[in-house]
Each structure stands twice: as C-alpha cells, then as structure tokens.
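> okay, structure incoming, though there's no sequence with it:
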Ligand code: URA
C-alpha cells in the first residue's frame, strides 16, 4: 500500500499534522518507520499528544496489527521512555520471569527462591494487583513486616548476599507503558498482541535482566482466550527480547481455572510455602518446575532442561528452596517464622463460608476471571489503584476441573473480614462453576514450550 499524504491546505488547525499522518498511515495498514514510532512515544510520554489522538492510534493498531519490526521499535521506544535499570553490580546472569496474569498465580513466590537456591541471582521488580488478578508485592506484604521499598543499594546488596530480592517497580520505569496501558484499559484496546508484547517487553527490558522467561496464559481467565494467539504472543516476546540482545524463552500455560487452590494474598503465600516444602498442589509445582528449568538453563546453571529439573526437584526435597524463601523474608524485614508456622502467623479472616454445589456431577469448567472478581469483592483485590486490600481475604477452591462433586458439597470456601461481601461473592463463585453429568478430564497445564 502506498503511503498516505495529506491534501495541501487541509484545515486541521490545532491538530498535530505529523501525528495525524501517522494515525492515518496505520489506519490504512501501512508499516510505520522507527522514527515515526519514536516520535509518537516520546511526544506522548511528554504530554504533547492528546489522549484522543493516541486512542485513535491504538484502535488503528488493534485492527491493523503491527509487523515484528514495528513491534520491536515500539517496545524499544517504550523501554527508553524512562529510567533503565543497570543491574551490572549484581554478579551472574540475572534471569527474570513474567506472567501475563492469572488468577491464583503465585508462581513468583515459589520460583524466585527455587531458582535462587541453585545460584541464579533473582533481582525481581514486581507489581501490585488490579481488578481480578493479584500482584506479587501484595502477596509478599501479607507477611508481617515484609518491606518491598528497598533502596537501590539495599536491593543490590541483598541479591549479592542472599541471591534474591523482590521490590516494587518504580514509576520511572517505562512511563509510556503506564500512560498507554491506562488508555488501553478504557478504549477496549488491551487485547492486541503487538500492544501486549510491547507493554510487557518494554518493562522487562527496562528492568535490566539478562534473560527473561515468559509465562503466557491462555483460557477463560487470561487476556489470550485462544491457544494460537497465546503461542503467537509468546513467540513474539521471545523474538523481541532476543533482538534486544537478551536471552529469552517462554511457556504457554492454562488459565481455564485458577492455578493451585488458593486465591488471595495470605492464602497464596501459605500455598507457596507448602509448595516449597514439596507438598503443594500438583499444577503449581509442575508449572514452577517447568518455568524454573528454563530459567536455570538460561542462567547457565544447567546444560539441559532435564538436568535443571532434577536439580530443582532436589532443591525442593532437601529444603534448600524453602530456606531461600526464609532468607528472602528475613532480609526484607518480614517475620521469617511465618515459613514454619504460616497458619498462625499469616493474617487470617474472621468470616469463613462454604459455597455449596447446587447439583451432583463432575466439574467441567471454572470461570477463573469470575473467581478473581469474587476474591476482589471479598477484599483481596483492588477495583481502582487507590483501593486498600485485605491481606486475609480470598477463596480456597475445593473442587477443580475433573473432580466429582455431590449436591450440597462445598465447591469453595470464602474468607473475608467483610461479611456483607459474602452473599454476592458466593453467588458469583457458584455461577463460575460448570457441572456436567459426564466425566471430564482436567485441562492440559502446559501447551507449548519455546526454548530454542
Ligand atoms: N500485562 C502487561 O504488562 N501489559 C499488557 O498489555 C497486558 C498484560
């Protein structure tokens, strides 16, 4: 397609003609140059492009897509829109992991100490939860005393001394993504593969890791509802970080039901501790071993996935991974006794209520997104960024896909300190379950591994 040009003398007083041209070019399906993308991102970050023009651009991308070259340019422009973190003071190959977001996804709590226990330095910058998905920082802060606001010096010192630290991602990392994400959220342009890839990769690249493993979720509780879209996104993100000179690998994993059984901050910490003890839910353990194996290989601590997996299993069996979690909690000011007695030392809710099944049968489906929303209603999540959360609130799933249930038997247990929220949350949980008279198989956990 030929490049569009503006008609001479067209009356667009007050409208940035250059930006208009870029929007029109994208709307017509033409490939943008790196220079055009850089101009758009830098001027939008500075506040020189109004949201209405950027919204139009995002919608044009949503419908026309972006080439790999354009997506790479967009990622780099967003990564360089703010501070880029230099982790060179930390010894070794720093490996990061990113999940595209799920319900009950506490993998970082298990994975970070697990891979750190094998000598891969984990310098993790994480986010908070919003809407139906939880955030690692909120989960860790449910441990009494745990601080996520370490200074840069404390962060580097902790990783060099104990091999692991987890802090909040500062506002100065990829500010273009923050503005764009907020705009996408209100213009129905979140679920665009190039926009998600650029959003995720820009933050990860700016955070300075040498290698990044992506866990791309697919299913009812994920942005990517179809497996083929999830695979495309995973391949694109690996390609982008490799082009940027980092190592990359990815998994596509299931989010047709919550991961593990616990949803909600302190409940998830307790489940992560169980898993680090070698006793957690099978799906969570398997996902952590699979992601961990990729991280260990990328970090140069094993020659093959099989060798990495054996070493990770050993670390769970010997208690080395649990000890590393204890080090993390202690170093960041948390009560490390939580690791040995989570039941009495983590915050717990005053009101517990079981959600009974309305019929007998087999669990065919669980709407993970609605379980996340119900957990938010109980106090575990935020509707807006300003909301406070209740660390004790959440849901324990008692039946998962493939399980047999009898009428009246509990499907889930609600935990809250706000008894008013019990009734609407119970209704939502009940309606999230699809029950069939026929036997059903649990879904496959991992659909694809992108390693080479
Ligand atoms: N997570 C992100 O960080 N960005 C997206 O666009 C979607 C999920």
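Arrived safely, thanks for sending. Predicted model only: the values in this text are computed from it and were never measured.

> C-alpha from now on. contacts and neighbour counts both.
OK.

> now the helices for the stretch 151-300 of the chain?
With helices called from DSSP state H, counting those that start in this stretch, the stretch 151-300 of the chain shows them at 152-162, 175-186, 193-206, 227-243, 265-276, 282-298.

> helices and strands around the last one, which ones?
Same thing as helix 282-298. Where contact means 3 or more C-alpha pairs under 8 Å, 6 or more residues apart in numbering; DSSP states H and E, helix 282-298 is packed against strand 95-99, helix 107-116, strand 211-218, strand 247-254, helix 305-318.

> give me the angle between the last one and helix 282-298.
Think helix 305-318. Taking axes from the mean of the first three to the mean of the last three C-alpha atoms, to 10 degrees, one finds helix 305-318 and helix 282-298 inclined to each other by 120 degrees.

> centre of the chain versus helix 305-318, how much separation?
Taking C-alpha atoms, centre = their mean, to the nearest Å, one finds the center of helix 305-318 at 24 Å from the center of the full chain.

> close to the ligand: what parts of the chain are there?
Residues of the chain found near the ligand (C-alpha under 6 Å from any ligand atom) are 100, 190, 195, 196, 199, 200.

> pick out the residue in the stretch 51-200 of the chain sitting closest to the ligand.
Residue nearest to the ligand within the stretch 51-200 of the chain (C-alpha to the nearest ligand atom): residue 196, separated by 3.5 Å.

> count the residues that sit near the nearest residue to that residue once chain neighbours are set aside.
Distances taken as C-alpha to C-alpha, 6 or more residues apart in numbering put residue 190 closest to residue 196, at 7.0 Å, once the chain neighbours are dropped. Counted with other C-alpha atoms under 10 Å, the neighbours of residue 190 add up to 20.

> test my guess that residue 177 contacts residue 199.
Yes: shown here, residue 177 and residue 199 form a contact pair, counting by C-alpha atoms under 8 Å, at 5.8 Å.

> quickly list what's touching both of those two.
Taking C-alpha atoms under 8 Å, 6 or more residues apart in numbering as the criterion, residue 177 and residue 199 both touch residue 78.

> who has more neighbours out of the two?
Remark: of residue 177 and residue 199, residue 177 carries more neighbours, 26 against 23, as counted by other C-alpha under 10 Å.

> ok, back up a step: redo the helices of the stretch 151-300 of the chain as a markdown table? Include mean pLDDT and distance to residue 69.
Formatted as a markdown table, those follow (pLDDT from 0 to 100; distance: least, C-alpha to C-alpha, whole Å):
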| stretch | mean pLDDT | distance to residue 69 |
| --- | --- | --- |
| helix 152-162 | 93 | 34 |
| helix 175-186 | 93 | 19 |
| helix 193-206 | 96 | 11 |
| helix 227-243 | 97 | 9 |
| helix 265-276 | 97 | 39 |
| helix 282-298 | 97 | 25 |
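
> JSON lines for those, including distance to residue 372?
Formatted as JSON lines, those follow (distance: least, C-alpha to C-alpha, whole Å):
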{"stretch": "helix 152-162", "distance to residue 372": "31"}
{"stretch": "helix 175-186", "distance to residue 372": "18"}
{"stretch": "helix 193-206", "distance to residue 372": "21"}
{"stretch": "helix 227-243", "distance to residue 372": "20"}
{"stretch": "helix 265-276", "distance to residue 372": "12"}
{"stretch": "helix 282-298", "distance to residue 372": "17"}
